[in-house]
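Q: Here is a sequence with its predicted model. Questions after.
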Amino acid sequence: MSFLKTFHTRQDTECPLVRSPADLKNNVLPTEEDVLRCFLWKASIPIVTHKRVLQLVKIQHDRYSKLLWYPKVKRNENYVLKVKSYKAENKKLFDISACKCKNLEECRCSKEKKVPINERPFLIDQRSSRKMVMTGVDAKETTKLINKTRRLEKMQQRKELYKKVCSENDTKVTLDIKPNIFSKRTTNIPVSSSHYLDTTYEQTSTSKELAIPRNTIKLPTLAKVCDRYGLSDRSAAAVATAVLQDVGIVTKESSVQIIDKNKLRRAREHLRTKIINLVDCEPITALYFDGRKDKTLSLEKIDGKSRRRTVTEEHISLVQEPGSVYLGHTIPSSGSAKNLCQSIVDFLQENNHDLSSLLAVGSDGTVVNTGLKNGVITLLEYKLGRPLQRFICQLHANELPLRHLFLHLDGQTTGPSAFVGVLGQLVARCENLPVVQYEVIGCKLPKVQCSDLSTDQKYLYKICRAISTGQCSVDLANQNPGKLSHSRWLTLANRLLRLYISTKEPSSNLKELTNFILKVYAPMWFLIKNNSCTNGAKHVWQTIKQSLYLRDDLKAIIDPVIQRNSFFAHPENLLLCMLSDSRPHIRELAMRRILNAKKRESSEKNRVFKIPEMKFDADDYTTLIDWQNNDITPPPLLQHLELGELENIIKETPNKVIQITSYPCHTQAVERCVKLVTEASLSVVGSKKRDGFIKARLDSRKLMPQFESKKDFTQ
């Protein structure tokens, strides 16, 4: 019987020759099979030699015989004590372990005599109280021993193969070893110089043991690229090995450099762990967050085995601004504001992020985030004990007027991407319609950098230009305007414009929507994207100003929507905009209002952030609200300025511009990270692994944004 066959689990394991291991029966004499089955019933503890076992058995038998046949006339009190001592010692373990150390943690025995760590508790118990028994829990350890034995057998076969090669070669082959290519064990191997590249093998007669070559090349770049493009371990390993074949590194004779899926999987895990452990020492001054419910891979134990299951989890993505640095994502226990806030705070504390420097927070305008008393931001302010500058996404606010106008003119929605109205049904197939002669509508778009836009955003910019100039190219006509979805109103705007240039006699509703997109929605979208928080109040005023052309009945639909979502019309954000104004008297007015607000500032730690009533007939953004009848609070971004500093600025340097950090007035960077979290949720299991997957992808994009030609390549 081979060494491998001596390892068996201690429960429900059948041997093809002698059935399962079992103890000797106590009512019949053992057969040869019983003895062998009892021999197989053993722990994986190194034991002494067979000769020593026989000696120990003989010693015990001699003691037994000596007391059993002791002369009866000499059996006095001393004999009784010897018998009592013998019976007590017989209850001890028949210890044939090769290691006799009392403290196994400080064992100094040789490697082949050391007791495995997982077997030490069992051996200690058997030497003392003997309460433990061998059960099915040993299955994992037995499997490890079997796999280890198989590896040793394969290693021995490879050694024999190389020894055979040694005997056939009469000359030494020496090549230079490059560092970090093979481990120290990879030396002294005689092979043909064409078999391995950048490797040294030298035949020596003095070496006791022949080392085996191993592929120890690190693959951080390959792992990062695989995470960037979402390649599986199996497919990426096949492609990488095929490249090595083409360049001649992997051949039939030399298979050391082969990259298999297991090696690539380990490289990706190592890269993700390394990226996660990188500590960012920069303090967080602005935290932006957004969430989505994703289908997520998880591991569940079924019948003692781990099985992959798909569940639905809510993930909150966290981004640090400025710079749009992805911090990670957290999984709240529910979608309530209290649990969302607690999960965000717990995540930041677990990852050693200091909240003392936090000044601003950004999110979309949903009620769960912006509630007056129980919103996520309000609860976060309660926890920190101070107000935070609120930057509520203006791109979301810009979509809502278009959404309400479309629903008013065309009807309600049905399903996630369907509409009941005539226009809603037509836009679903508008990309297949031919372009006709259409009426030109003027559109003033700000200058944008097209390289910074996504495919759908570029389409909106191009088709707005086409309608304003009256010329639509063939490429634009054949381009897809984007997938129709209620969560992406930009693609609905694209499809409405595409439907307009394909309709000879557009309806009045289609004209109204097209005019609104070209005069309000699209110009404001590109203006908001390229500006920061210091222009947020101007965006609100410009939206009102550009929508004044609407009929009164349509204004009655649009104006309440603008009012509810004009978070940048709050005095705190208005004052920030005024401080960065190009007009000196506006800046001085803002500083005086901040100074007065600080003087009468309440002693309460938190304030109620409520959007004031706006004046829709205001001739400038500075007069959007009634300053006299609203509670003015100083911007939390400027809480570091003391009263004396503000007075000096007003008196000595009235023309001085206070430098304000350029925070985005939208959450587009967070939305990109939300998309990455969604993709990672179906690729890897576990929040830490998902964060590593996402950060590796972001690092790869940052290093090389695109790779269309050789000029784009960067290392």
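A: Received it, and whenever you're ready, just let me know what you need.
Q: So which bits of the helix or strand Tyr382 falls within are buried?
A: Using DSSP states H and E, Tyr382 sits in helix 376-384. When burial is assessed from 16 or more other Cβ atoms under 10 Å, helix 376-384 yields the following buried residues: 376-381, 384. Glycine gets a C-beta too; all of them are placed from N, C-alpha and C.
Q: tell me which strands and helices that helix is in contact with?
A: Using 3 or more Cβ pairs under 8 Å, 6 or more residues apart in numbering; DSSP states H and E as the contact criterion, the secondary-structure elements in contact with helix 376-384 are helix 337-350, strand 360-363, helix 367-370.
Q: closest to Lys274 among the buried residues of helix 376-384?
A: The shortest approach to Lys274 among those belongs to Leu380, at 31.2 Å (Cβ to Cβ).
Q: and that closest one, what does it touch?
A: By Cβ atoms under 8 Å, 6 or more residues apart in numbering, the contact list for Leu380 reads 341, 344-345, 361, 388.
Q: gap between the residue of the chain most remote from its centre and Leu638?
A: Using Cα atoms, centre = their mean, the residue of the chain lying farthest from its centre is Val73. It sits 84.8 Å away. For Val73, the distance to Leu638 under the criterion Cβ to Cβ, to the nearest Å works out to 110 Å.
Q: Could you do Lys599 as well?
A: Using Cβ to Cβ, we find Lys599 at a distance of 14 Å from Leu638.
Q: who's more crowded, the two?
A: Leu638 (20 against 10; other Cβ atoms under 10 Å).
Q: Let me know the helix or strand that Pro121 is in.
A: Under the assignment here (DSSP H and E), Pro121 is part of helix 120-127.
Q: Show me what the mean pLDDT comes to for that helix.
A: Mean pLDDT, computed over helix 120-127, is 78.
Q: How about stretch 372-391?
A: Per-residue pLDDT values over stretch 372-391 give a mean of 88.
Q: How about stretch 305-325?
A: 86.
Q: got it, and stretch 641-652?
A: The average of the pLDDT scores along stretch 641-652 is 70.
Q: just stretch 625-635 next, same as before
A: In this model, stretch 625-635 has a mean pLDDT of 85.
Q: Can you list the strands that the helix or strand harbouring Ser317 pairs with?
A: Assigning secondary structure by DSSP H and E places Ser317 in strand 305-321. Its sheet considered, strand 305-321 pairs with strand 286-302 (antiparallel), strand 325-330 (antiparallel) by DSSP bridges.
Q: could I get those as a markdown table with distance to Glu313?
A: Below are the strands paired with strand 305-321 laid out as a markdown table (distance: least, Cβ to Cβ, whole Å):
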| stretch | distance to Glu313 |
| --- | --- |
| strand 286-302 | 4 |
| strand 325-330 | 10 |
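Q: wait, which of the ones you listed is closest to Gln479?
A: Distances from Gln479 to each of the strands paired with strand 305-321 were compared using Cβ to Cβ; the shortest belongs to strand 286-302, at 27.5 Å.
Q: In the stretch 451-600 of the chain, where is pLDDT below threshold?
A: For the stretch 451-600 of the chain, the stretches flagged by pLDDT under 70 are 486-487.
Q: Please, where are all the helices along it?
A: When assigned using DSSP state H, counting those that start in this stretch, the helices of the stretch 451-600 of the chain occupy the ranges 455-469, 474-478, 489-500, 508-516, 522-529, 536-546, 552-564, 571-579, 584-599.
Q: Just send the ones you listed back as CSV, with distance to Cys99 too.
A: Listed next are these as CSV, based on distance: least, Cβ to Cβ, whole Å:
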stretch, distance to Cys99
helix 455-469, 68
helix 474-478, 78
helix 489-500, 71
helix 508-516, 84
helix 522-529, 70
helix 536-546, 73
helix 552-564, 76
helix 571-579, 72
helix 584-599, 75
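Q: Of all those helices, which one is nearest Leu395?
A: When those are compared by Cβ to Cβ, helix 522-529 sits nearest Leu395, at 5.7 Å.
Q: Just the C-alpha atoms of the closest one, please, in PDB.
A: As requested, C-alpha coordinates have been extracted for helix 522-529 and formatted as PDB (Å, rounded to 0.1, in the frame of the first residue of the first chain):
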ATOM      1  CA  ALA A 522     -29.100  71.200 -22.900                       C
ATOM      2  CA  PRO A 523     -27.400  74.700 -22.300                       C
ATOM      3  CA  MET A 524     -27.800  74.300 -18.600                       C
ATOM      4  CA  TRP A 525     -26.600  70.700 -18.600                       C
ATOM      5  CA  PHE A 526     -23.300  71.600 -20.200                       C
ATOM      6  CA  LEU A 527     -23.000  74.800 -18.100                       C
ATOM      7  CA  ILE A 528     -23.500  72.900 -14.900                       C
ATOM      8  CA  LYS A 529     -21.000  70.100 -15.900                       C
END
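Q: between that helix and helix 536-546, how many degrees?
A: Here helix 522-529 points in a direction 180 degrees away from that of helix 536-546 (axes from the mean of the first three to the mean of the last three Cα atoms, to 10 degrees).
Q: Helix 522-529 - contacts with which helices or strands?
A: Counting by 3+ Cβ pairs under 8 Å, 6+ apart, the packing neighbours recorded for helix 522-529 are helix 394-410, helix 455-469, helix 536-546.
Q: which residues are contacting the shortest one?
A: In this case it means helix 536-546. Defining contact as Cβ under 8 Å, 6+ apart, one finds that helix 536-546 is touched by 391, 394, 398, 401, 519-520, 523-524, 527-528, 531, 559, 562, 566, 568-569, 573-574, 576-578, 614, 616, 618, 620-621, 624, 665.
Q: Next secondary structure after the longest helix anywhere in the chain?
A: Of all the segments assigned as helix in the chain under DSSP state H, the longest by residue count is helix 139-168. The helix or strand immediately downstream of helix 139-168 is helix 220-229, counting by DSSP H and E.
Q: What number of residues are in the vicinity of Asp631?
A: By other Cβ under 10 Å, the residues close to Asp631 number 12.
Q: The residue nearest to Ile276 when sequence neighbours are not counted in helix, strand or coil?
A: With sequence-adjacent residues excluded and distances taken as Cβ to Cβ, 6 or more residues apart in numbering, Ile276 is closest to Gly692, at 5.0 Å. When states are read from DSSP: H, G, I helix; E, B strand; the rest coil, the local structure at Gly692 comes out as helix.
Q: Highest average neighbour count across the helices and strands packed on helix 522-529: which stretch is it?
A: Per residue and on average, the most neighbours among the helices and strands packed on helix 522-529 fall to helix 536-546, with a mean of 22 (mean count of other Cβ atoms under 10 Å).
Q: what is the orientation angle of it with helix 508-516?
A: Using the same axes, to 10 degrees: helix 536-546 against helix 508-516 is 140 degrees.
Q: Pretty sure Leu219 is one of the things Lys263 touches, is it not?
A: Yes - because the distance of 7.3 Å satisfies Cβ atoms under 8 Å, Lys263 is recorded as touching Leu219.
Q: quick one: which of these two has more around it?
A: In this comparison of Lys263 against Leu219, neighbours counted by other Cβ under 10 Å, the higher total goes to Leu219 at 21 against 18.
Q: So that one is in contact with Ala267, correct?
A: Yes - in this structure Leu219 lies within contact range of Ala267 using Cβ under 8 Å: 4.1 Å.
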